[in-house]
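**Student:** Based on what follows, work out the 3D shape:
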Amino acid sequence: EPKEVFLQHARNQTEVQEFILEGFPNVQHLGMVLFMVHLLAYLTSIMGNILIIIITWVDHRLQTPMYFFLSSFSFFECCFITTVIPKLLAIFLSGKQSISFSACFTQAFVFLSLGTTVFFLMAVLSLDRYLAICKPLYYPTIMNPRMCFLLVMACLALGFVLMVFPVIMLSQSSFCGPHVIPHFFCDFGPLIHLSCSDTRSTELLAFVLALVILLTSLIITIIAYSNIVVTIMRLPSAKEQQKAFSTCSSHLMVLFLMYGSCVFIYVKPKQTNRLNSNREAALVNTVVTPLLNPVIYTLRNKQVHQALRNALSRVRLQK
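**Tutor:** All right, here's what the predicted structure looks like:
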């Protein structure tokens, strides 16, 4: 009898070889329209973020720590949305989309680790603005090129290390059916919902990690910007105050968008709740926010405006 139980358990472990991504069944009749809209949003987001990277590396006036972090942020955003959006586009075309067990967990891991990296990078951007505005004399010494590179690599390493354990724990759970994921990509919550095993320890770990990641970056950001506001208010002229605020406002707008959607999706003890509403929040996080990031950073930044004008004028002269 114990042998039979073991064999049954082994069969259950390997029963689900692939998952089906459900996408948005309620609006599937608009598949081609949604495909075109999301393809346009994806291409615009990729081009906008690549434009920020190119301008930062081409224009020597933008080769500062802040723009190095912004270009790194844009690069990770491109990678982040590319793990999800192509599959979403395929779902809009086909109605449903199959994904293998290993590909599903790879997608979940890459998505979550890059998302974590982006959050820590936003905290680094807050620290960068704090040092630039509150400690201008120490800023060039602390934020040297080596330190900037190490900070970005530390964000990437943290994203990898923190996400590898919960994803491995969940991948080793039993998946004995059903195999339809009520989402447009392999996210943690829907996968936990499909597991036949007792996933309480995995859920708790995921909840604690989500809370730690979001709270750590949020606390760093709040402390940094509280000091920035105090320092700005002490500046003698209104023009200096406006200039200092303008360099921070874009960063804050992006932060509000990111925190809003991620808190809604991940910071709840029970991952099986509100799966349908999670899809809409995830769409904001993976389509809307990455599309708005380059728009916010370029439209609200005079230095980027000037760099774009210089680049366009050089292109005209070459013609």
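**Student:** What are the buried residues along stretch 192-201?
**Tutor:** Ile192, His193, Leu194, Ser195, Ser197, Thr199 (16 or more other CB atoms under 10 Å). C-beta: built from backbone N, CA, C; applies to glycine.
**Student:** In which helix or strand does the residue most central in space within the chain reside?
**Tutor:** The residue lying closest to the centre of the chain (CA atoms, centre = their mean) is Gly115, at 3.5 Å. Taking DSSP states H and E as the criterion, Gly115 maps to helix 101-134.
**Student:** Just after that helix, pick out the following helix or strand.
**Tutor:** helix 139-142.
**Student:** Distance from the chain centre to that next one, please.
**Tutor:** How far helix 139-142 lies from its chain's middle: 28 Å, per CA atoms, centre = their mean, to the nearest Å.
**Student:** what's the burial count for His60?
**Tutor:** The number of residues packed near His60 is 8, by other CB atoms under 10 Å.
**Student:** how about stretch 208-225 as PDB, C-alpha atoms only?
**Tutor:** The C-alpha coordinates for stretch 208-225 follow below in PDB (Å, rounded to 0.1, in the frame of the first residue of the first chain):
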ATOM      1  CA  VAL A 208       6.800  37.900   3.400                       C
ATOM      2  CA  LEU A 209       9.200  38.500   0.500                       C
ATOM      3  CA  ALA A 210       6.700  40.800  -1.300                       C
ATOM      4  CA  LEU A 211       6.200  42.800   1.900                       C
ATOM      5  CA  VAL A 212       9.900  43.100   2.600                       C
ATOM      6  CA  ILE A 213      10.700  44.100  -1.100                       C
ATOM      7  CA  LEU A 214       8.000  46.700  -1.300                       C
ATOM      8  CA  LEU A 215       8.500  48.100   2.300                       C
ATOM      9  CA  THR A 216      12.300  48.300   2.000                       C
ATOM     10  CA  SER A 217      12.100  50.300  -1.300                       C
ATOM     11  CA  LEU A 218       9.200  52.300   0.000                       C
ATOM     12  CA  ILE A 219      10.900  53.200   3.400                       C
ATOM     13  CA  ILE A 220      14.100  54.200   1.600                       C
ATOM     14  CA  THR A 221      12.100  56.300  -0.800                       C
ATOM     15  CA  ILE A 222      10.100  58.000   1.900                       C
ATOM     16  CA  ILE A 223      13.200  58.800   4.000                       C
ATOM     17  CA  ALA A 224      15.100  60.100   1.000                       C
ATOM     18  CA  TYR A 225      12.200  62.300  -0.300                       C
END
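**Student:** Dump the buried residues of stretch 192-201 to CSV, plus secondary structure, pLDDT and distance to Pro178.
**Tutor:** As requested, the buried residues of stretch 192-201 are exported to CSV (DSSP: H, G, I helix; E, B strand; the rest coil; pLDDT from 0 to 100; distance: CB to CB, whole Å):
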residue, secondary structure, pLDDT, distance to Pro178
Ile192, helix, 87, 14
His193, helix, 84, 10
Leu194, helix, 85, 7
Ser195, coil, 84, 11
Ser197, coil, 81, 15
Thr199, coil, 82, 15
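**Student:** Quick check: the farthest pair among the residues you listed?
**Tutor:** His193 and Ser197 (12.0 Å; CB to CB).
**Student:** re earlier: does the helix holding Gly115 pack against any helices or strands, and if so which?
**Tutor:** strand 18-21, helix 65-82, helix 139-142, helix 145-171, helix 188-194, helix 200-233, helix 238-266 (3 or more CB pairs under 8 Å, 6 or more residues apart in numbering; DSSP states H and E).
**Student:** if you set the cut-off to 7 Å instead, what comes out?
**Tutor:** Where contact means 3 or more CB pairs under 7 Å, 6 or more residues apart in numbering; DSSP states H and E, helix 101-134 is packed against helix 65-82, helix 139-142, helix 145-171, helix 188-194, helix 200-233, helix 238-266.
**Student:** quick one: which of the ones you listed is nearest Ile54?
**Tutor:** helix 65-82 (8.8 Å).
**Student:** and the angle from the closest one to helix 101-134?
**Tutor:** Relative orientation of helix 65-82 versus helix 101-134 (axes from the mean of the first three to the mean of the last three CA atoms, to 10 degrees): 160 degrees.
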